[in-house]
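Asks: The amino acid sequence is not available; the structure is as follows:
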């Protein structure tokens, strides 16, 4: 296999892996109202559906690099795609307990891709780090937006009955997961997988860095904003006077609208000297859009504007934090370590938010929940500012 062909296969691996890192979650958010009735759960418990994969991310993120160091980065991803596929297949059986267990299994598989994609990019495309980070982030957003857009129509087809059509709506991405198995089986067959024998700094070494904490908090806060939007924006839109179909469309638009900032922010970050300007624009987008959502009712055109603003901020914050994992590290091993640690701590933080907002809705209203998101965006501004300051996470003395 030539080096050129190898790069093409790796690129396909990045594309198809990116397609399953959000879709099993965003497909649920679009039909959460119908799913609540089918599973006979309230808003607080429904919020746990999004929280469960976040808990899986938090638990297993630190373990991913340890496994990849022993068996190789590519083989670790291959095994993870098998795990995700098993979870998606079993989740077709719509039962409350099974749905939660299989969502956790899917989360375990997704964890590996979340952690290792920055390292994979650093390893194979070090000369185009900003572009490649933006590229795979856009792939994730495109697939997430498609998932949000097609889940409700699939559910409405009632193919095979209510339970099967619901299972199809949230698990149709099993097809992409199976393609991943094929691609990564080819990659590990045709590549000499390097097992890393690296003297590690260790988790405690990273946690001595204040910038590591800032990056971790940035990861958690931007994830909280994203997964709260995935979980509850459709319900919030319905509370603002829109139909379920319109709410699903708005959720889909919120995913599609992330594309420009998702791609451009890491590219610009690599080119501009003063990176502190990026957190300013990200935070402005979040706060302006969320304040707008509080004061709007039934105006579809105006809501689209606010949704797009939120999406641009969300896409930019996600790809920028992913860019920082690599940009603030000296090599792909350190990038994977930083990614794993930041996502572990970050997702523990993010996991609190979806059920918290669901609980607030149960006892108060959605406007109070939105104010919490505004406060979250304000705190994200502070952590991104520090993360963007000069110097690597681990400085070589």
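Replies: Structure's in. What do you need? What you see is a predicted model; the values in this text were computed from it and never measured.
Asks: Report the separation between residue 69 and residue 334.
Replies: From residue 69 across to residue 334, the span is 12 Å (CB to CB, to the nearest Å). Where C-beta positions appear, they are placed from N, C-alpha and C, glycine not excepted.
Asks: more neighbours, those two?
Replies: More crowded of residue 69 and residue 334, by other CB atoms under 10 Å: residue 334, with 23 against 19.
Asks: Assign that one to helix, strand or coil.
Replies: At residue 334 the chain is in helix, as set by DSSP: H, G, I helix; E, B strand; the rest coil.
Asks: For residue 147, see how far away it is.
Replies: From residue 334 to residue 147 the distance is 32 Å (CB to CB).
Asks: next one: residue 379
Replies: 29 Å.
Asks: Show me which of these two is the more surrounded one.
Replies: Ranked by neighbour count (other CB under 10 Å), residue 379 and residue 147 place residue 147 first, with 29 against 15.
Asks: Following the chain onward from the lowest-mean-pLDDT helix or strand in the chain, which element is next?
Replies: Every helix and strand in the chain was compared by mean pLDDT, DSSP states H and E; the lowest is helix 203-207, with a mean of 63. Sequence-wise, the next helix or strand downstream of helix 203-207 (DSSP states H and E) is helix 210-239.
Asks: what angle sits between whichever helix or strand comes after that next one and helix 210-239?
Replies: Using DSSP H and E, the next helix or strand after helix 210-239 towards the C-terminus is helix 244-256. Here helix 244-256 points in a direction 160 degrees away from that of helix 210-239 (axes from the mean of the first three to the mean of the last three CA atoms, to 10 degrees).
Asks: Can you list the buried residues in helix 244-256?
Replies: Of the residues in helix 244-256, 244, 246, 247, 248, 249, 250, 251, 252, 253, 254, 255, 256 count as buried by neighbour count, 16 or more other CB atoms under 10 Å.
Asks: got it, and stretch 281-290?
Replies: 282, 283, 285, 286, 287, 288, 289, 290.
Asks: what sits against residue 310?
Replies: Going by CB atoms under 8 Å, 6 or more residues apart in numbering, residue 310 touches 229, 254, 285, 286, 289, 290, 293.
Asks: can I get those residues in CSV with distance to residue 112?
Replies: Rendered in CSV, the data for the contacts of residue 310 read as follows (distance: CB to CB, whole Å):
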residue, distance to residue 112
229, 24
254, 26
285, 30
286, 29
289, 32
290, 32
293, 34
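Asks: Need phi/psi at residue 158.
Replies: The phi and psi values for residue 158, taken as degrees, to the nearest 10, are phi 60, psi 30.
Asks: list the contacts for it?
Replies: With contact taken as CB under 8 Å, 6+ apart, residue 158 is in contact with residue 165.
Asks: one more time with 10 Å, if that's ok
Replies: Counting by CB atoms under 10 Å, 6 or more residues apart in numbering, residue 158 makes contact with 164, 165, 166.
Asks: same deal with residue 188?
Replies: By CB under 10 Å, 6+ apart, the contact list for residue 188 reads 71, 72, 73, 74, 75, 76, 77, 78, 79.
Asks: From the buried residues of stretch 281-290, pick the one nearest residue 235.
Replies: Residue 235 has its nearest neighbour among these in residue 290, at 15.4 Å by CB to CB.
Asks: got the contact list for the closest residue to residue 300 other than its chain neighbours?
Replies: Excluding the flanking residues, the one nearest residue 300 by CB to CB, 6 or more residues apart in numbering is residue 246, at 6.4 Å. Neighbour list for residue 246: 234, 237, 238, 240, 298, 300, 303 [criterion: CB under 10 Å, 6+ apart].
Asks: Quick one: buried ones out of these?
Replies: 234, 237, 238, 240, 303.
Asks: before we move on, the earlier item: among the contacts of residue 188, which are in helices?
Replies: 71, 73, 74, 75, 76, 77, 78, 79 (DSSP state H).
Asks: Let's see if you can find the most crowded of the residues you listed.
Replies: Neighbour count (other CB under 10 Å) singles out residue 73 as the most crowded of the ones in helices among the contacts of residue 188, with 29 neighbours.
Asks: Tell me if I'm right that that one and residue 79 touch.
Replies: No. With contact defined as CB atoms under 10 Å, residue 73 does not count as touching residue 79 (11.3 Å).
Asks: how about stretch 358-375: buried residues?
Replies: In stretch 358-375, counting by 16+ other CB under 10 Å, buried: 358, 359, 360, 361, 366, 369, 370, 372, 373.
Asks: mind checking the end-to-end distance for that stretch?
Replies: 17 Å (CA to CA, to the nearest Å).
Asks: Contacts made by it with the rest, please.
Replies: Residues outside stretch 358-375 that contact it (CB under 10 Å, 6+ apart): 32, 36, 41-51, 224-225, 228-229, 231-233, 235-240, 286-287, 289-295, 310, 353, 356-357.
Asks: Could I have the buried ones of the residues you listed as PyMOL selection syntax?
Replies: Selection of the buried residues among these in PyMOL, burial being defined by 16+ other CB under 10 Å:
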select buried, resi 32+36+41+43+44+45+46+47+48+49+50+51+224+225+228+229+231+232+233+235+236+237+238+240+286+287+289+290+292+293+294+310+353+356+357
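Asks: separation between residue 352 and residue 368?
Replies: Per CB to CB, residue 352 is found 16 Å from residue 368.
Asks: List the buried residues in whichever strand or helix holds residue 153.
Replies: For residue 153, the element it lies in under DSSP H and E is helix 129-157. Buried residues in helix 129-157, counting neighbours by 16+ other CB under 10 Å, are found at 129-130, 132-152, 154-155.
Asks: ok, then the element right after it?
Replies: In N-to-C order, the element after helix 129-157 by DSSP H and E is helix 162-171.
Asks: now that following helix and helix 129-157, what's the angle there?
Replies: Using the same axes, to 10 degrees: helix 162-171 against helix 129-157 is 170 degrees.
Asks: What mean pLDDT does helix 162-171 get?
Replies: Computed over helix 162-171, the mean pLDDT rounds to 84.
Asks: Let's see if you can find the most crowded of the contacts of residue 158.
Replies: Most neighbours among the contacts of residue 158, by other CB under 10 Å: residue 166, with 24 neighbours.
Asks: Could I get the full set of helices for the stretch 1-150 of the chain?
Replies: Under the criterion DSSP state H, counting those that start in this stretch, the stretch 1-150 of the chain contains helices at 3-18, 23-29, 32-39, 43-71, 73-90, 96-124, 129-157.
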